[in-house]
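S.K.: From the sequence below, what's the structure:
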Amino acid sequence: MSADSPPDPVHGAIRALFRVITAYESMAMTDWARRGLTITQLRALHYLNASGGTNVRQLAETLHVSSPTVTGIIERLEQQGLVARAMSSTDRRVVDVALTDEGIDVVGHLGELKQPLVAALNDMPRDSVSTLSALLIEFAERAEVEVNAAIGVAGGTE
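M.R.: The predicted structure follows:
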C-alpha cells in the first residue's frame with residue numbers, strides 16, 4: 001500500500017477491535033492477578049455462573065481440559081471459597097460443582113470491569129452506538145461461523 005492509498009477498512013477494523021480488547025484485558029488482567037485467578041479459572045467461574053452449576057465432567061468438556069486438570073482448577077477455586085463441590089443426589093459417581101455466594105460476588109464484580117467501556121460508549125452519539133451495536137452483532141455472528149469452520153466445529157455457532 002502506498003502512502004497515498006486509503007487505509008484498508010478490514011485491517012483498520014481488526015486493529016481497532018484489538019485496541020479495545022487490549023485495553024480491556026490490561027485492566028481486567030490486573031484485577032484477575034490481584035485476585036489470584038487464571039484465565040481458565042475465570043472461564044470456569046463464568047460457565048458455572050451461566051449454567052447455575054454443573055458436574056466435573058461437563059466442566060472439563062466445556063473448558064476443553066481433562067478431568068484431572070479441571071479437578072485442580074476446582075480445588076484452587078474451592079480453596080478461595082469461590083466454588084463448592086458435592087456428590088450428585090442422583091448419581092454418587094458424579095461430583096457437582098457450583099458457585100458459592102462469594103463466587104457469585106466475584107463474577108458480579110468481574111462484570112463491573114466493563115464500566116469503562118460503557119462510559120466510552122455513553123460518550124458517543126446514540127445513533128453511532130446503535131450502528132456500532134448492529135455491526136458488531138453481525139460481525140460476531142459471522143466471525144463465530146468462520147472461526148468454528150476453521151477449527152472444525154460443525155454447525156457454526158454453539
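
S.K.: what sits against Glu112?
M.R.: Contact criterion C-beta atoms under 8 Å, 6 or more residues apart in numbering gives no residues in contact with Glu112. C-beta here means a position set from N, CA and C on the backbone, and glycine is covered the same way.

S.K.: Then Ala60?
M.R.: Ser66, Ser67, Thr69, Val70.

S.K.: Report the separation between the third one and Asn122.
M.R.: The one in question is Thr69. Going from Thr69 to Asn122 by C-beta to C-beta, to the nearest Å gives 40 Å.

S.K.: Show me which of the two is the more surrounded one.
M.R.: Thr69 (13 against 9; other C-beta atoms under 10 Å).

S.K.: where's that one, which helix or strand?
M.R.: helix 67-79 (DSSP states H and E).

S.K.: Name the residue closest to the centre of the protein, please.
M.R.: For the chain, the residue nearest the mean C-alpha position is Arg43 (5.9 Å; C-alpha atoms, centre = their mean).

S.K.: so it is in which element?
M.R.: Counting by DSSP H and E, Arg43 is part of helix 39-51.
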